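A.B. asks: Could you work out the structure for the sequence below:
(one chain, ligands or ions: 1)
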Amino acid sequence: MSKTTVEDGGAVSAAPAQSSQSFAPGLYLVPTPIGNLQDITLRAIAVLKAATLVAAEDTRHSRILLDHLGIRAPKLMSLYDQVEERKAGTIIEEVRQGGVVALISDAGSPLINDPGYKLVSLCLQSHIAVIPLPGPCALITALEAAALPTDAFTFKGFFPVKEQELRACVAEVAERPETAVFYESPRRVLKTCEILAELLPGRQICLCRELTKSFESFYRMSSEELPDFLRADPKRTLGEFVVVIAGASHSAGGVEPEIKEALAMLLKTTPLKAAVAALSLCSKARPNELYALALTLKQSAGKES
Ligand code: SAM
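C.D. replies: Take a look at the predicted model:
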C-alpha cells in the first residue's frame, strides 16, 4: 500500500453534538449500539446528522436507528462485503465533492468483523481522510467484564463452522498464553462449548450473552462446567454471544474442587470480596480467577433463588 499521511481530518469544532456542527470532508467510521440504544456517543450522533452520505451494511436495519435518532440521511447506501470495492469509487467521489460520509455497520464498530477494511484502504490510497470514532464493540465490552487478563489478547472473529476446523482452532488456542476472544452464534454455542470442554479442560471461560440488552448474562466458569450449565436451561443459549477464554498461562493453577465447594458455602453468609480473600489464602488459584468463579456462583445462586 502507498504511504499516506492525513492530518487534521477530524471535526472542525469540538463543541457538543448539534445538528449544525460542521465536519471536514472525509470517511467517518461511526460505531453504533450493540443492543442498548443509549450507547451512542454525542460525536457519533453529530457525524450522522452532518453526513451527506451514510454507508450502511444493511440499510433497512440502519434506518431504524437513524429514525430513532431523528436523523434523515440525505443519501443512504448499502455497503456489504461483496460490493465494497465497487462502491468505494462513489464514496471517494462524495468526499472529493466536500461530502461527509459515515460508515456504520448493523451494530457496534464498523470493520470489527464487519465490512469496511477494503474501503478504508482504498480511501487512504486516494488521499481521502479516514476518521475513526471510538464507541461500542462487543469484543471490548466482553473482555472488560470477563475478569481475565486484558494486557494481551487474541481476537479471532467467529469460531470456524466446520467441526474439523473448529477443533484445529481450539487446539491452537490451547497453546497460547494470552486471553482469546471469539464471536459465536446461538445455533452453535452449545456444540462449541462441548468442544472447548473436551480440548481445554480446566480452562476458565466467560460466555457473554446479550451484552447491554435486557437479558445480559455472564457465565463465568470452567470449560467442563459450561455445557451442562447451558443444557440446564435452553434460554441460556438464546441471543448473541462473545466467548472469552483464559490463556494457557492464566489457567495453570485452576480452582481446586474443594475450594470451589468451600467458596459456594462461604458465599451464602459472607460478602463476595471477603470470601475470595479468605479462600485465596489456601488456594493455588489466582485471586482474579477465584473472583470470577465467585461472581458466577453468586449469579447462579441468585437465579436459582
Ligand atoms: N462490529 C460488531 C462489534 O463491534 O462488536 C461485531 C459484528 S459481528 C458480525 C456480530 C457478532 O458480534 C454477533 O454474532 C455476536 O457474536 C457479537 N455481538 C454483537 N453484539 C452483541 C451483543 N450485544 N452481545 C453479545 N455478542 C454480541
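A.B. asks: For stretch 284-303, give the mean pLDDT please.
C.D. replies: Averaging pLDDT along stretch 284-303 yields 74.
A.B. asks: got it, and stretch 40-51?
C.D. replies: 98.
A.B. asks: Could you count how many residues lie near Ser223?
C.D. replies: Residues contacting Ser223 under the criterion other Cβ atoms under 10 Å number 23. For every residue, glycine as well, the C-beta is placed using N, CA and C.
A.B. asks: and if you look at Glu194?
C.D. replies: 16.
A.B. asks: right, and Lys49 touches Gln21 too?
C.D. replies: Yes: counting by Cβ atoms under 8 Å, Lys49 does reach Gln21; the two are 7.5 Å apart.
A.B. asks: Who is the residue of the chain found nearest the ligand paired with across the strands?
C.D. replies: Distances between the chain and the ligand by Cβ to the nearest ligand atom are smallest at Gly108, namely 2.4 Å. Here Gly108 shows beta-bridge partners Thr32, assigned using DSSP bridges.
A.B. asks: what's around it, how many residues?
C.D. replies: 24.
A.B. asks: need the contact list for it.
C.D. replies: Pro31, Thr32, Pro33, Ile34, Asp114, Gly135, Pro136, Cys137, Ala138 (Cβ atoms under 8 Å, 6 or more residues apart in numbering).
A.B. asks: Grab the two from these that are most spread out in space.
C.D. replies: Pro33 and Asp114 (14.0 Å; Cβ to Cβ).
A.B. asks: Where does the nearest residue to Arg236 once chain neighbours are set aside sit: helix, strand or coil?
C.D. replies: Excluding the flanking residues, the one nearest Arg236 by Cβ to Cβ, 6 or more residues apart in numbering is Leu230, at 4.9 Å. Classification of Leu230 using DSSP: H, G, I helix; E, B strand; the rest coil returns helix.
A.B. asks: Select from the contacts of Gly108 the one having the most neighbours.
C.D. replies: Thr32 (26 neighbours).
A.B. asks: for the ligand, what are the nearby residues on the chain?
C.D. replies: 34-35, 105, 107-109, 112-114, 137-139, 183-185, 208, 210-213, 240-242 (Cβ under 6 Å from any ligand atom).
A.B. asks: Buried members of the residues you listed into PyMOL, please.
C.D. replies: Selection of buried members from these for PyMOL, criterion 16 or more other Cβ atoms under 10 Å:
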select buried, resi 34+35+105+107+108+109+112+113+114+137+138+139+183+184+208+210+211+212+240+241+242
